[in-house]
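Undergrad: could you look at this predicted model? Sequence included:
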Amino acid sequence: MTAPEGYTQTQTQNMPPEMMQLLNSLMSSLNQGGAASGIDYLTKLAQGDEDIFKQIEAPAYQQLEQGLAKTANRFSGVGAQDSSAFQNQLGGQVSQMATDLASQRNQLQTGAIDKLMNFSERMLGQKPYEYGLQEDQSFDWQEMIKILGPIIAAIATKNPAALGAVPQGSTQTNTGALPAR
């Protein structure tokens with residue numbers, strides 16, 4: 001955006017340097033994939049991505065297999081693998097695992113959504129800079145020379161009377177040292 005004629009665009013930093021450094025570091029890591037991969041992971045969790053959940057649930061399935069094998073060994077030792085007790089025991093273990101995994105999925109999805117929402121709110125609420133327009137101040141050197149000329153002459157000649165020669169249209173200040181005319 002270009003500033004209109006007679007104005008200059010301004011940028012004022014709203015954050016202390018430490019916060020700016022932290023924000024710049026975060027933005028840099030987002031661009032390089034550091035935090036972006038974390039955000040991507042949270043997004044996949046929030047969306048219920050099956051591949052992510054398969055990775056998370058893999059240890060639980062291994063534990064279930066080990067538990068089922070132990071149960072089968074116990075019942076095979078007494079020749080009762082065809083019994084309803086064996087079937088009920090296996091069904092109970094599978095049902096318990098399914099319930100636990102569903103609860104864990106729900107907690108992970110809810111947590112991921114909360115983290116993404118909090119992150120979004122914090123990032124959207126940040127205003128590292130305030131932008132504005134400032135009217136250009138033109139400096140009139142000729143007017144300055146008209147004002148300073150007699151003062152410089154008075155100092156150079158050590159003649160305070162020369163101060164009375166301040167040009168018309170200029171303002172003359174009474175400093176108390178010299179009487180105002």
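TA: Happy to help now that I have it. Numbering: from 1, shown residues only.
Undergrad: contacts, neighbours, all on C-alpha from now
TA: Fine.
Undergrad: for Gln81, helix, strand, or coil?
TA: Recorded secondary structure, Gln81: coil (DSSP: H, G, I helix; E, B strand; the rest coil).
Undergrad: let me know the secondary structure of the nearest residue to it once chain neighbours are set aside.
TA: Closest residue to Gln81 apart from its sequence neighbours, by CA to CA, 6 or more residues apart in numbering: Phe75 at 5.5 Å. Put simply, Phe75 is helix when judged by three-state DSSP.
Undergrad: what's the burial count for Phe75?
TA: Number of residues near Phe75 (other CA atoms under 10 Å) recorded here: 17.
Undergrad: by mean pLDDT, flag the weakest helix or strand of this protein.
TA: Least confident element among the helices and strands of the chain, by mean pLDDT, DSSP states H and E: helix 17-32 (a mean of 71).
Undergrad: give me the pLDDT for the residue nearest to Gln81.
TA: Predicted confidence (pLDDT) for Phe75: 83.
Undergrad: backbone torsions only: list them for Gln11.
TA: Backbone geometry at Gln11, expressed as degrees, to the nearest 10, gives phi -140, psi 120.
Undergrad: quick check: bridge partners of it?
TA: Tyr131 (DSSP bridges).
Undergrad: my guess is it contacts Tyr131. True?
TA: Yes. Between Gln11 and Tyr131 there is a contact at 4.7 Å, judged by CA atoms under 8 Å.
Undergrad: next, the contact list for the nearest residue to Ala72 once chain neighbours are set aside, please.
TA: Leaving aside its sequence neighbours, Ala72 sits nearest to Gln81 (CA to CA, 6+ apart; 6.8 Å). Gln81 is in contact with Ala72, Phe75, Gln87, counting by CA atoms under 8 Å, 6 or more residues apart in numbering.
Undergrad: where does the last one sit: helix, strand or coil?
TA: Classification of Gln87 by three-state DSSP places it in helix.
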